[in-house]
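**Q** this one's structure only:
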């Protein structure tokens, strides 16, 4: 089983749409989870950490379900600038090495 | 805002040659990492470095790879004898480490694109 599985997309949505991404992970011992954003040929940048209680940052909401080993990201009121690849990531060890999914590509159209 | 920097932005080399990729982490950070991303693939962990030694490494990080922190600012990745399959984007990252247990945000540099011919 792959460590992190994501739907590669692409998700093509109009501006203003709500879009949701899901991710499953295999390591049940993982403690820390994140969503990163990566623009084409750029470095990954942290979008938000993910907590069991769910957390929201503006138009972005992340949720973690440990029992199902499932993480989600909801983007409301999509902007053109949200177009990017969204990476599901977890902390793979005590030294903080990150395990990345392959990413889900989002394209927001005018 | 402090940032991680990497040089060069693009390195072209012949198969079998040695390359050194350079990184300057954020100055008060304690944990340093190298990752690579082959074109069209996921970002993969290579190695973590703390307290002047390797703290963890992946299967990818074999004897052809080494890391060094030669002074208080630079963090380098050396590939001794490059192979075609080493062609990838190499990202350096650093983390403050204040939150312990491996948590805390990792800040990534812009990457070095390595092309092995």
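**A** Happy to help now that I have it. Keep in mind that this is a model prediction, so the values were computed, not measured.

**Q** now the residue most central in space within chain B, which residues is it bridged with?
**A** Nearest residue to the geometric centre of chain B (CA atoms, centre = their mean): residue B:34, 2.7 Å. Beta bridges link residue B:34 to residue B:47, residue B:92 when assigned by DSSP bridges.

**Q** what does chain A put close to chain B?
**A** For chain A, the residues in contact with chain B (CB under 8 Å from any CB of the partner chain) are A:4, A:31-32, A:38, A:41-46, A:49, A:87, A:91-103. For the C-beta atoms, the positions are set from N, CA and C on the backbone; glycine is no exception.

**Q** select only the buried ones of the residues you listed in ChimeraX?
**A** If you want just the buried ones from the residues of chain A next to chain B in ChimeraX, going by 16 or more other CB atoms under 10 Å in any protein chain shown, the selection is:
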select /A:4,32,38,43,44,49,87,91,92,93,95,96,97,98,99,100,101,102,103
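
**Q** show me the residues of chain A next to chain B that map onto strands.
**A** Secondary structure from DSSP state E places A:4, A:38, A:44-46, A:49, A:87, A:91, A:98-100 of those in strands.

**Q** lowest pLDDT pick from those residues?
**A** Least confident entry in those, by pLDDT: residue A:91, with 86.

**Q** and residue 69, what does it touch?
**A** Just going to use chain A. Residues in contact with residue A:69 (CB atoms under 8 Å, 6 or more residues apart in numbering or on different chains) are A:24-26, A:28.

**Q** wait, chain B
**A** Contacts of residue B:69 by CB under 8 Å, 6+ apart are B:32, B:49, B:52, B:75-76.

**Q** measure residue A:66 to residue A:33 for me?
**A** Residue A:66 is 9 Å from residue A:33, where distance means CB to CB, to the nearest Å.

**Q** who's more crowded, the two?
**A** For residue A:66 and residue A:33, the more surrounded residue by other CB atoms under 10 Å in any protein chain shown is residue A:33, and the numbers stand at 22 against 13.

**Q** let me know the pLDDT of the more buried one.
**A** Looking at residue A:33, its pLDDT stands at 91.

**Q** the closest residue to it other than its chain neighbours: neighbour count?
**A** Closest residue to residue A:33 apart from its sequence neighbours, by CB to CB, 6 or more residues apart in numbering or on different chains: residue A:50 at 4.0 Å. Residue A:50: 23 surrounding residues under other CB under 10 Å.

**Q** go on, the one 3 residues further on?
**A** By the criterion of other CB under 10 Å, residue A:53 has 7 neighbours.

**Q** before we move on, what about residue B:97?
**A** Per other CB under 10 Å, the neighbour tally for residue B:97 reads 18.

**Q** could you look up the SS state of it?
**A** coil (DSSP: H, G, I helix; E, B strand; the rest coil).
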